[in-house]
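Just the structure for this:
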Amino acid sequence: MSPLDEKLRRVFPDEVVNKRLARLHQVSRLPRFISEYAVKRICGDDPSPADLARLSEFVSTYYPEPRDRDRILHELMSRGEYTILDEFRVSVDPKRGLRKVEIPSLGVRDAGILPEVLAEHRDLLGSGVWGIARLIYDPSLGEGGQTPIVVVEFDPIQYSGVDLARFKDGRAEFSTDEWIDVLMNTVGVNPSAYSRREKLLYLTRLVPLAEPNVNLMELGPRATGKSFVYKNISYYVRLYSGGSVSPAVLFFHGTLRTVGDLGVRDCVVFDEISKIRFSNPDEMVGKLKDYMESGEYERGMAKRIRSTCSIVFLGNLEVVGRSPAQDPLQVLPSVMRGDSALLDRIHGLLPGWELPKIEQPEVHLSSGYGFVADYFCEILHLLRGEDFRHLIEERVRLRADGGRVTIRDHKAIVRLSAGLLKLLFPHGEFSDDELSEVVSLAVEYRQRIHEMLRAVSPGEFEPKRLGFEVV
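As a prediction, the model looks like this:
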């Protein structure tokens with residue numbers, strides 16, 4: 001065990017896990033934030049063969065594969081009850097007086113739930129909670145068209161009662177270099193395989209999870225971990241991977257009267273954006289631009305909805321060495337490629353082409369200790385409520401050589417910088433040099449957006465070079 005691992009276990013004894021264990025084949029089907037919880041709860045830091053057998057049994061018993069759906073429903077109907085691990089979410093239908101539970105692995109959207117269970121676990125009413133639920137089947141409850149399945153017990157398997165103040169105090173025990181390596185291990189990659197710049201680029205992916213209303217784009221080659229971070233580090237994220245996305249799913253469903261993902265998630269990710277298709281392009285792009293500018297949107301009968309959800313656009317880009325081999329604009333879907341108003345609302349472009357491919361597990365994946373993913377997920381969620389923007393406003397002066405700093409430039413750099421500060425210095429202590437390093441990255445990301453805008457509309461966007469000074 002490295003000195004950093006020992007220190008991390010001493011400062012955060014209950015919140016860290018050996019990341020090598022999270023790659024065990026017994027939990028490979030589970031999202032990372034669930035597999036690490038299961039590993040720590042069942043196996044500890046040095047699992048025996050018996051521990052691994054219990055872990056395998058836990059997964060196979062409670063977390064069914066999609067092909068098992070009909071078998072499980074049959075057993076539920078035959079035996080009258082079944083226990084299952086899934087992400088459960090409750091929506092309210094006041095017109096029919098129903099609380100409807102969504103059980104994704106069973107394809108059920110309108111199961112019932114006992115009032116006392118919902119009263120104890122009110123987080124089910126938000127974006128959903130992972131946990132183990134005992135279900136019963138009672139045909140007499142199916143009157144009125146509701147599925148006669150009821151959640152009668154629920155045991156969440158997510159951290160609750162996370163102490164952000166303790167997390168901040170613990171951060172003060174580490175140097176900046178140590179903390180960066182802790183974060184790299186936490187997201188599952190080996191910090192020794194990355195340069196300092198590459199580490200900061202990689203960790204920038206977490207900014208939309210820690211800072212509200214950040215719009216980030218990353219373009220780069222396949223296999224650099226772009227979507228992995230968003231799929232595995234937070235259950236407050238919704239990732240769309242190619243295919244069609246409708247206004248009902250993203251904004252508001254008029255028939256079901258339910259708020260879309262932008263209203264209930266911390267972050268919405270459009271993966272493989274060249275393959276994304278909007279079912280109603282004009283409506284989608286118009287509402288996206290409105291939301292990315294103001295943090296509000298409306299659709300149909302829904303009143304104007306305010307949200308702090310961040311938006312991330314991910315695209316695959318051909319590279320030669322560590323440089324793009326194609327025009328980044330060509331990676332974008334046609335609805336984005338020529339829309340300078342939409343591009344201008346993206347705060348920064350992360351150069352994913354500079355990051356190495358994750359090809360060798362023993363080289364690129366973490367074998368050290370990092371925060372348990374669902375604990376860190378909650379920390380990121382809580383950091384969204386912290387205000388670090390004023391630290392940038394008070395100590396940084398932006399400039400633009402050859403042009404002017406626009407309102408959108410200013411907003412973008414402040415938000416990106418604040419998010420990076422939260423990740424690296426949640427305790428609020430940093431030097432002028434460290435502040436300059438963070439802001440320099442944010443300025444660089446925004447500068448790339450400006451270059452894209454220049455390519456799309458050279459008559460509207462003047463050539464300029466963004467800069468700053470710490471005062």
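
drop to CA atoms for contacts and neighbour counts, all remaining ones
OK.

Please name the nearest non-neighbouring residue to Ser457.
Ser340 (6.9 Å; Cα to Cα, 6 or more residues apart in numbering).

Also Asp181?
Pro191 (5.5 Å).

hey, where'd the strands end up in the stretch 51-200 of the chain?
For the stretch 51-200 of the chain, the strands defined by DSSP state E, counting those that start in this stretch cover 81-93, 98-103, 108-113, 129-137, 149-156.

got TSV for those, with mean pLDDT, distance to Gly403 and mean neighbour count too?
Putting the strands of the stretch 51-200 of the chain into TSV (pLDDT from 0 to 100; distance: least, Cα to Cα, whole Å; neighbours: other Cα atoms under 10 Å) gives the following:
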stretch	mean pLDDT	distance to Gly403	mean neighbour count
strand 81-93	92	49	20
strand 98-103	92	52	20
strand 108-113	92	54	20
strand 129-137	93	48	20
strand 149-156	94	53	19
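
any chance of the ones you listed in JSON lines, with distance to Gly370 too?
Shown next, in JSON lines, are the strands of the stretch 51-200 of the chain (distance: least, Cα to Cα, whole Å):
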{"stretch": "strand 81-93", "distance to Gly370": "24"}
{"stretch": "strand 98-103", "distance to Gly370": "31"}
{"stretch": "strand 108-113", "distance to Gly370": "35"}
{"stretch": "strand 129-137", "distance to Gly370": "21"}
{"stretch": "strand 149-156", "distance to Gly370": "22"}
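
nearest to Lys287, of those?
Of all the strands of the stretch 51-200 of the chain, strand 81-93 sits nearest to Lys287, with 24.1 Å by Cα to Cα.

And the strands of the stretch 51-200 of the chain: which comes nearest Val363?
Of those, nearest to Val363 by Cα to Cα is strand 129-137, at 31.5 Å.

For the closest one, name the packing helices and strands.
Strand 129-137 is packed against helix 69-79, strand 81-93, strand 149-156, with contacts defined by 3 or more Cα pairs under 8 Å, 6 or more residues apart in numbering; DSSP states H and E.

can you put those in a markdown table and add distance to Asp14?
As requested, these are arranged in a markdown table below (distance: least, Cα to Cα, whole Å):
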| stretch | distance to Asp14 |
| --- | --- |
| helix 69-79 | 35 |
| strand 81-93 | 23 |
| strand 149-156 | 17 |
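
Among those, single out whichever gets nearest to Glu102.
That would be strand 81-93 among the helices and strands packed on strand 129-137, by Cα to Cα, at 5.3 Å.

Let me know the angle separating that closest one from helix 69-79.
Interaxial angle of strand 81-93 relative to helix 69-79 (axes from the mean of the first three to the mean of the last three Cα atoms, to 10 degrees): 100 degrees.

Near the closest residue to Cys377 other than its chain neighbours, how many other residues are there?
Counting by Cα to Cα, 6+ apart, Cys377 lies nearest to Ser234, which is 4.9 Å off, once chain neighbours are set aside. Neighbours of Ser234 under the rule other Cα atoms under 10 Å: 24.

starting at the chain centroid, how far to stretch 134-144?
Here the centre of stretch 134-144 is set off from its chain's centre by 35 Å, with Cα atoms, centre = their mean, to the nearest Å.

Glu298 is in contact with Ile305, isn't it?
Yes - the pair Glu298 / Ile305 is scored as a contact, 6.0 Å apart, by Cα atoms under 8 Å.

May I see the buried residues of the worst-scoring helix or strand of the chain on mean pLDDT?
Within the chain, confidence by mean pLDDT, DSSP states H and E is lowest for helix 32-42 among all helices and strands, at a mean of 80. Across helix 32-42, burial judged by 16 or more other Cα atoms under 10 Å covers Arg32, Phe33, Ile34, Ser35, Glu36, Tyr37, Ala38, Val39, Lys40.

Let me see the contact set for the fourth one.
Right, the one you point to is Ser35. Ser35 is in contact with Ala22, Val27, Ser28, counting by Cα atoms under 8 Å, 6 or more residues apart in numbering.
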